[in-house]
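Trainee: The following comprises the amino acid sequence and a computationally predicted model.
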Amino acid sequence: MGFFESEVVQNEARKLFEDYQSLMQLGGEYGKFDREGKKLFIDQMEALMERYKIFMKRFELSDDFMAQMTVQQLKTQLNQFGITPQQMFDQMNVTLERMKSEIEP
């Protein structure tokens, strides 16, 4: 069975996408959140990023051709911006840490 034929992979991909879309939509109102709301949003973003890292690691470790092609496509797309996947995750973490520091008393 191919990597993308796995029901587990399909379900996790769908759930990641849905959760990401919901958080991005919610993030549009971030400035209106109270302190606790901002903390909750940041926590949810951190959890989503961790799930995404794990999901991408599955692609990297798979010997499935389509999974490897997906990894290469991501690397190529990010390379156009001059970054690697690890730098992308690092930058997301920096952003979340900055957001945390802005809400600390």
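Mentor: Yep, that arrived.
Trainee: and Glu60, what element?
Mentor: helix 35-61 (DSSP states H and E).
Trainee: what about the residue nearest to Val9 when sequence neighbours are not counted, distance to Leu23?
Mentor: Take Val9 and drop its neighbours on the chain: the residue closest to it by CB to CB, 6 or more residues apart in numbering is Phe3, 6.1 Å away. For the C-beta atoms, the positions are set from N, CA and C on the backbone; glycine is no exception. Distance of Phe3 to Leu23, computed by CB to CB, to the nearest Å: 26 Å.
Trainee: Next: Glu12.
Mentor: Taking CB to CB, one finds Glu12 at 16 Å from Leu23.
Trainee: Mind checking what helix or strand follows the helix holding Glu60 in sequence?
Mentor: Immediately after helix 35-61, counting by DSSP H and E, sits helix 65-79.
Trainee: What is the helix or strand that that following helix is followed by packed up against?
Mentor: With elements assigned by DSSP H and E, the helix or strand that comes after helix 65-79 is helix 85-103. The helices and strands touching helix 85-103, judged by 3 or more CB pairs under 8 Å, 6 or more residues apart in numbering; DSSP states H and E, are helix 35-61, helix 65-79.
Trainee: any idea how far the shortest one is from the chain center?
Mentor: Read that as helix 65-79. Relative to its chain's centre, helix 65-79 lies at 15 Å (CA atoms, centre = their mean, to the nearest Å).
Trainee: Ok, the longest one next?
Mentor: Centre-to-centre, helix 35-61 and its host chain are 6 Å apart (CA atoms, centre = their mean).
Trainee: Now it: average pLDDT?
Mentor: On average, the pLDDT along helix 35-61 is 94.
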